[in-house]
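# Need a 3D model of the sequence below.
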Amino acid sequence: MTIQELIQGLEYEVVCGELDSEITEITNDSRKAGAGKMFFAITGARFDGSHFIPEVIRKGAGAIITDQTEKKLEILLQNDMTMNGDFEEFEENSVTIIRVPSARYAMGVIASRFYGEPSKNISVVGITGTKGKTTTAYMVRGMLELAGIKTGLIGTIEIIDGKSSQPAGNTTPESLIIHKKIRDMVDNGLECVVMEVSSQGLMQDRVAGVDFDFGIFTNLSPDHIGPNEHRDYDHYKECKKKLFSLCKKAIYNIDDKEAQYMMDGSTAYPLTFGRDEFADYRAVGHKLYSENGILGIEYTLENTLEGDVKVALPGDFSVYNSLAAIVVADCMGVSFDEMQSILQKITVRGRVEMIPISDKFTLMIDYAHNGMSLESLLKAIREYNPSRMITLFGCGGDRDKSRRYEMGEVSGKYSDFSIITSDNPRTEDPQAIINDIIEGINRTDGEYIDIVDRKEAIRFAIMNAKEGDVIILAGKGHEDYQEINGVKHHMDERDLIREILEEEDESSICGYNNRYFAE
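You can find the predicted model right below:
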């Protein structure tokens, strides 16, 4: 495509050069700049892309998009030329420099156009909120996938494009990555993509150019406020709200106190869910259930859809996550009967993920890796009145030590028994980390044992389980590695559990009925 075609519709000023040149690649990485390539001089967390403009010019880039003022741009080039004596080299270069109000916004719009506006050829679901984005994203994707709608994912944990899964760098990647990945999804035959949309992603226009069909609001509370994030809570809210000016249908958790703020001024068609009597999709009469080692929640749906819902995931938050999935599925033509069936078997990797190896006790994996998230989880599980709540956890090395004391104190307060083990020790001695956790747990009356080797700690938990126990493996969640001295070694708790079951006498495991690995 030509430069003119790529910048069509944008507000811009041509600093120098022509607009009829062909662009073969787009990038915001100066190391990849070169002939026929368009370079976006954006400001990131670590580098200001405008400082690389002279280097990019020397590499023969086809075009540069910048939001620097003409005066700043002149100073930048003059300083570089003065230091390097390259006046003639710059004069001979035919680079096109275009100034725009926002290089980040322009990058999103241009990336969409460069890749053929792929988000217009696939249903796009954006999810924003303080808590629950990841779990809701996986639940929505799981619902659609099990209903036969091929669905990709862009989120905190990974990017799934229909052919492979790659670890994610940011919750919401840069727009260049988003549009390229959506292009791949369309080419791979996907019909939908579910995307976590962070406040940073909205603030920095990382989703510029994305054609959202649905926007989901989960909840809002003060978070990500600081020098390198949002200046205050109002700014945080304002950034979150942007999603609902970009989507066609907006889906709100009406029970949240900030829902009305999110709805005000939105041009999207509104749909609401929650327990409120005016919710379009209303959950009433919810109750907890425990069956064959599975903890879940059930409720009755009223208003737009009517009937009983049973969700094979524990906790009050599962009501809201499942409601969001129901709204999207309903809008996409999935029958309510099918939704009811899917919700009874849906799982979210690493988020209160049940590993059903016994009919007598519950074993689950969760990503809770700080005091606040662990307390929230343990309080939710405590509502099921387990005979004993056993919490197995560790803390990462080379991180704030206060987290260790907090997690130890939380587990000691809310668990019947704690098994303290290793997480990602990084460059620290695992036992030293455990000793810090013990210092926190000793502030309570909680009983505990420490076992450094995580596999052996899990073995201890399984082999000593009793009827009615709930065993929580906290901290690793979706992670499939353990980082030691800068090296990531493969370690997936699901693999560890399978190995333990293979190594032990099944008859010695309480209520053994391995449905997880048998499938």
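# Give me the below-cutoff pLDDT ranges for this protein.
45-46, 80-93, 222-230, 519 (pLDDT under 70).
# Where does Met364 sit, in terms of helix or strand?
Remark: Met364 resides in strand 362-366, with elements defined by DSSP states H and E.
# Show the secondary-structure elements that the helix or strand just after that strand is packed against.
Sequence-wise, the next helix or strand downstream of strand 362-366 (DSSP H and E) is helix 371-382. Here helix 371-382 touches strand 388-393, helix 402-414, strand 469-474, going by 3 or more C-beta pairs under 8 Å, 6 or more residues apart in numbering; DSSP states H and E. All C-beta atoms are positioned from the backbone trio N, CA, C, and that covers glycine.
# And the ones you listed: which comes nearest Lys163?
Lys163 lies closest to strand 469-474 among the helices and strands packed on helix 371-382, at 30.4 Å (C-beta to C-beta).
# quick one: contacts for Leu374?
Counting by C-beta atoms under 8 Å, 6 or more residues apart in numbering, Leu374 makes contact with Ala368, Thr391, Phe393, Met407, Val410, Ser411, Ala474.
# Give the burial count for the first one, as a bare number.
Burial of Ala368, expressed as a neighbour count using other C-beta atoms under 10 Å, amounts to 25.
# Next: the fourth one.
Other residues within reach of Met407, judged by other C-beta under 10 Å, total 31.
# That one and Phe393 touch, don't they?
Yes. Using C-beta atoms under 8 Å, Met407 is in contact with Phe393, at 6.2 Å.
# elements contacting the strand holding Met364?
Packing partners of strand 362-366 (3+ C-beta pairs under 8 Å, 6+ apart): strand 294-303, strand 353-354, strand 469-474, helix 493-503.
# circling back to that earlier point, ranking the helices and strands packed on helix 371-382 by burial, who's on top?
Here the criterion is mean neighbour count by mean count of other C-beta atoms under 10 Å, and of these the winner is strand 469-474, at a mean of 25.
# Can you tell me what sits against it?
With contacts defined as C-beta under 8 Å, 6+ apart, strand 469-474 is touched by 295, 361-369, 374, 377-378, 381, 384, 386-393, 458, 461-462, 465, 493, 510.
# Of those, grab the buried ones for ChimeraX.
In ChimeraX, this line selects whichever of those come out buried by 16 or more other C-beta atoms under 10 Å:
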select :295,361,362,363,364,365,366,367,368,369,374,377,378,381,384,386,388,389,390,391,392,393,458,461,462,465,493,510
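# and Ile160, how many neighbours?
Look at Ile160: counted by other C-beta under 10 Å, it has 21 neighbours.
# Next one: it from Phe214, what distance?
Counting by C-beta to C-beta, to the nearest Å, the separation of Ile160 from Phe214 is 18 Å.
# okay if I get the helices and strands packed on strand 362-366 as a markdown table plus distance to Ser418?
Below are the helices and strands packed on strand 362-366 laid out as a markdown table (distance: least, C-beta to C-beta, whole Å):
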| stretch | distance to Ser418 |
| --- | --- |
| strand 294-303 | 20 |
| strand 353-354 | 20 |
| strand 469-474 | 10 |
| helix 493-503 | 17 |
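# Return the most buried member of these.
strand 469-474 (a mean of 25).
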